[in-house]
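S.K.: using only what follows, build the 3D model:
(chains A, B, C and D)
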Protein chains: 2
Amino acid sequence: MLQYRPPPATLDPIFHALADPARRGMLERLTLGPASVTQLAEPLPMSLSAVVQHLAVLEASGLVRTQKVGRVRTCTLDTAALTRAETWINERRVAWERRLDRLGEYLAQTKPDDEARGGDR
Amino acid sequence: MLQYRPPPATLDPIFHALADPARRGMLERLTLGPASVTQLAEPLPMSLSAVVQHLAVLEASGLVRTQKVGRVRTCTLDTAALTRAETWINERRVAWERRLDRLGEYLAQTKPDDEARGGDR
DNA sequence: TCGATACTGAAGCATATGCTTTAGTATTCT
DNA sequence: AGAATACTAAAGCATATGCTTCAGTATCGA
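M.R.: Residues are numbered from 1 along each chain as shown, chains lettered A, B, ... in the order given. The predicted structure is shown next:
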């Protein structure tokens, strides 16, 4: 039997989900282990309904997976979406740093030991 | 003379800025090197005004720094904000993975060679 | 069985977002 | 000087977001 696969989360909903402190708080809580909706809501200064709406955003982004047993919905972190976001950022940052390195080499070749004297303006 | 320091960007505006494909496109362009507003706007299917508004969001988040010379505003990537976002995500992902490792060890101790038989879930 | 628990769903509302268009201003080029 | 360039500013508008409250429904526990 095939294992259930969530739809591949795109970056838009992932970053959008991460942009709210309440939602990041919920994720933070989930790094400690699975939690019920009520447990997620407990530290947050808002109604349970609001938390459920934040949870829907997290689930839509793929960052959180939930499963209902009896009357309790248990939420767990799904790091695949987290990794997707991390990878995107990392690739851009690395691309930029490679560019700075090339620029540095070029400058070193063009006017050697100039960077050692640290001339400003 | 003290160098100008941008205000420390918080995660909310950084992730919010990253949540839009047009803005990510602009960042992507900037990894290739500094660009003017018009150059950033060129590939985007929207008015220049809209691009300027996206740029304001990027600047408010600290992801982009701009500087105007003559009539041209030149934009550059600031990887500090990018790193801040990357670090937050990474720390949470690592925390979760450490937790899974501990859980694995515990299960291995409790009922040895259970994980070798490849139970699902 | 009956009350408490754990959500679920919908409506309502203030504010934020993502554009557009129109109308500028400041520079640079010819 | 006059035209083209590169933004800048503001208003307007449709839709999205982040809550709230109120009114359920489905368990679970005594």
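S.K.: for the rest of this, base every contact and every neighbour count on C-alpha atoms.
M.R.: Noted.
S.K.: up against DNA strand D, what does chain A have?
M.R.: In this structure, chain A approaches DNA strand D at residues A:19-20, A:22, A:45-50, A:53-54, A:69-71, judged by Cα under 7 Å from any atom of the strand.
S.K.: from these, list the buried ones, please.
M.R.: The neighbour count (16 or more other Cα atoms under 10 Å in any protein chain shown) marks A:19-20, A:22, A:54 as buried among the residues of chain A next to DNA strand D.
S.K.: of all the residues you listed, which two lie farthest apart?
M.R.: Greatest spatial distance in those: A:19 and A:54, 11.3 Å, computed using Cα to Cα.
S.K.: ok, the buried ones among the residues of chain A next to DNA strand D vs chain B, which is closest?
M.R.: Relative to chain B, the closest of these is residue A:19; by Cα to the nearest Cα it sits at 4.7 Å.
S.K.: kindly list the longest helix within chain A.
M.R.: Counting residues, the longest helix in chain A under DSSP state H turns out to be helix A:79-110.
S.K.: for it, packing partners?
M.R.: Taking 3 or more Cα pairs under 8 Å, 6 or more residues apart in numbering or on different chains; DSSP states H and E as contact, the helices and strands that helix A:79-110 lies on are helix A:11-18, helix B:21-31, helix B:79-110.
S.K.: keep only those of the residues of chain A next to DNA strand D that are in helices.
M.R.: When DSSP H defines the helices, the subset of the residues of chain A next to DNA strand D inside them is A:22, A:48-50, A:53-54.
S.K.: of the residues you listed, closest to DNA strand D?
M.R.: Distance from DNA strand D was checked for each of these by Cα to the nearest atom of the strand. The minimum falls on residue A:50, at 3.7 Å.
S.K.: show me the contacts for that closest one.
M.R.: Under the criterion of Cα atoms under 8 Å, 6 or more residues apart in numbering or on different chains, residue A:50 has no neighbours.
S.K.: distance of it from residue A:56?
M.R.: From residue A:50 across to residue A:56, the span is 10 Å (Cα to Cα, to the nearest Å).
S.K.: same check on residue A:41?
M.R.: For residue A:41, the distance to residue A:56 under the criterion Cα to Cα works out to 13 Å.
S.K.: give me the buried positions along the longest helix of chain A.
M.R.: A:79, A:81-86, A:89-90, A:92-93, A:95-96.
S.K.: what pLDDT, on average, does it get?
M.R.: Averaged over helix A:79-110, pLDDT sits at 89.
S.K.: below-threshold pLDDT in chain A: ranges please.
M.R.: A:1-9, A:111-121 (pLDDT under 70).
S.K.: write out the residues of it neighbouring chain B.
M.R.: Contact residues of chain A with respect to chain B, defined by Cα under 8 Å from any Cα of the partner chain, are listed as A:11-16, A:18-21, A:28, A:31-33, A:77, A:79, A:82-83, A:85-86, A:89-90, A:92-93, A:95-96, A:99.
S.K.: got the contact list for residue A:66?
M.R.: For residue A:66, the contacting residues are A:59, A:73-76, by Cα under 8 Å, 6+ apart.
S.K.: and residue A:30, by the same measure?
M.R.: Listed by Cα under 8 Å, 6+ apart, the contact set of residue A:30 reads A:75-77.
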